[in-house]
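**Student:** Sequence and predicted structure are below.
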Amino acid sequence: MLNKRKYILDLLRDQNLESCHFVLFPMSRGVKLSQDDGDLLPDPEVYRRIIGKLLYLNMTRPDISYVVQQLSQFLSAPRSSHLNTVVHVLKYLKGTLNHGLFYPASSEYVLSAYSDADWGTCVDSGRSLSGYCVFLGNALVSWKTKKQKVVSKSSIEAEYRSMSKTADEVVWLEGLFSELHIEVPTPIVLHCDNISAQHIAENPCFHEKTKHLRSKHHKIDVHYIREQVQSGFIKLKHVKYALQLADIMTKPLGADQHRFLSQKIGLVSQIPVQEWPVLLSPVHS
């Protein structure tokens, strides 16, 4: 189990939040951060130092991946609303001090991935967010939240781009295991919750709704994911919205859903060693 309890306590102590009340989720639903919302901070270095520490913490706390990505956009000119959100994150960490990523020793060498996108989520640029998480057996080994480089004209396009980025990560991981002389069975299942984007990746024929994907600028993304599917390396599988594990990487969630997805990706409270074998059910159940 990977846990950074002491690191979080030091972070809370630095900000005089050791005795604060905790909250149940890292970011409130409906909050949209903007570069013009609130007053500029008189000392932006304070904000930058905290974000730097949260970026390090994010390496073992995927549950804050979304909010850390959002806050890291404003390092050049942080404002009061951004600092308020940082305080909210710290209060959430106060309530989850004992949480860490659990890695069962009995995991199978089977890669699987979840891909999700949030269309037009950026208030300032209109760009969408991509998020993915990749598992080796039941163990989370890779995750990311990142703003897409161009504006997507539809939710289908945003999901499709996210699938391409996820496929890229899966290909890299499979190559890494190959160099370590570990054979990973294929096809590797990539879960997505957008049926239309899945059909585009599986269908070699373009139609009217996808004509904007034909331009030279988008061609690489389009052909990359389709090539992986058609070669049999990746198999796309539809997953219900409530079981889309990458959802925690792309948007703020309510307390119950956030807790549910956190547990599904392997983030649990620290428990005695003798109870570890029965801790987690498979992430796909």
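**Tutor:** Cool, got the structure. Every value quoted in this text rests on a predicted model; they were computed, and no experiment measured them.
**Student:** going forward, measure contacts and count neighbours with C-alpha atoms only.
**Tutor:** Fine.
**Student:** distance between the ends of stretch 26-38?
**Tutor:** Length of stretch 26-38, first residue to last, Cα to Cα, to the nearest Å: 20 Å.
**Student:** Could you do stretch 130-148 as well?
**Tutor:** First-to-last distance for stretch 130-148 - Cα to Cα - comes to 6 Å.
**Student:** likewise stretch 57-64?
**Tutor:** One end of stretch 57-64 to the other measures 9 Å (Cα to Cα).
**Student:** neighbouring contacts of it?
**Tutor:** 2-4, 26, 65, 68, 89, 100-101, 143, 248-249, 262, 267 (Cα atoms under 8 Å, 6 or more residues apart in numbering).
**Student:** Kindly report the same for stretch 249-267.
**Tutor:** So stretch 249-267 is contacted by 24-30, 61-67, 99-103, 116-118, 129-132, 138-140, 144-145, 243, 245, 248, 268, 280, 283 (Cα under 8 Å, 6+ apart).
**Student:** Just the buried ones from those?
**Tutor:** With burial judged by 16 or more other Cα atoms under 10 Å, the buried subset of those is 24-28, 61-67, 99-103, 116-118, 129-132, 138-140, 144-145, 243, 245, 248, 268, 280, 283.
**Student:** Just the buried residues of the longest helix anywhere in the chain, please?
**Tutor:** Secondary structure of the chain per DSSP state H: the longest helix is helix 155-179. Under the neighbour-count criterion of 16+ other Cα under 10 Å, helix 155-179 has 155-167, 169-170, 173-174 buried.
**Student:** Tell me which other helices or strands that helix touches.
**Tutor:** Packed against helix 155-179, as judged by 3 or more Cα pairs under 8 Å, 6 or more residues apart in numbering; DSSP states H and E, are the following elements: strand 111-118, strand 129-136, helix 195-202, helix 219-230.
**Student:** what angle do it and helix 195-202 make?
**Tutor:** Between helix 155-179 and helix 195-202, the angle formed by their directions is 50 degrees, by axes from the mean of the first three to the mean of the last three Cα atoms, to 10 degrees.
**Student:** which outside residues touch helix 155-179?
**Tutor:** Contacts of helix 155-179 with the rest of the structure, by Cα under 8 Å, 6+ apart, involve 111, 113-119, 128-132, 134, 148, 152, 183-184, 190, 192, 194, 196-198, 201, 213, 221-222, 224-225, 228, 234.
**Student:** tell me what the helix or strand His191 falls within is packed against?
**Tutor:** Assigned by DSSP states H and E, His191 belongs to strand 188-192. On a contact count with 3+ Cα pairs under 8 Å, 6+ apart, strand 188-192 meets strand 111-118, strand 234-238.
**Student:** Now do the contacts for Asp118.
**Tutor:** Contacts of Asp118 (Cα under 8 Å, 6+ apart): Ser128, Leu129, Ser130, Ser155, Ala158, Glu159, Thr250, Lys251.
**Student:** Flag the least confident of these.
**Tutor:** Across the set of these, Ser155 stands lowest in pLDDT, at 86.
**Student:** OK, contacts around Met27?
**Tutor:** So Met27 contacts Val67, Thr85, His88, Val89, Pro252, Leu253 (Cα under 8 Å, 6+ apart).
**Student:** So which of those residues is the closest to Leu11?
**Tutor:** Val89 (11.4 Å; Cα to Cα).
**Student:** helices or strands up against the strand or helix carrying that closest one?
**Tutor:** Element membership of Val89, judged by DSSP H and E, is helix 80-95. Based on contacts counted as 3+ Cα pairs under 8 Å, 6+ apart, the elements that helix 80-95 packs against are helix 5-14, helix 65-71.
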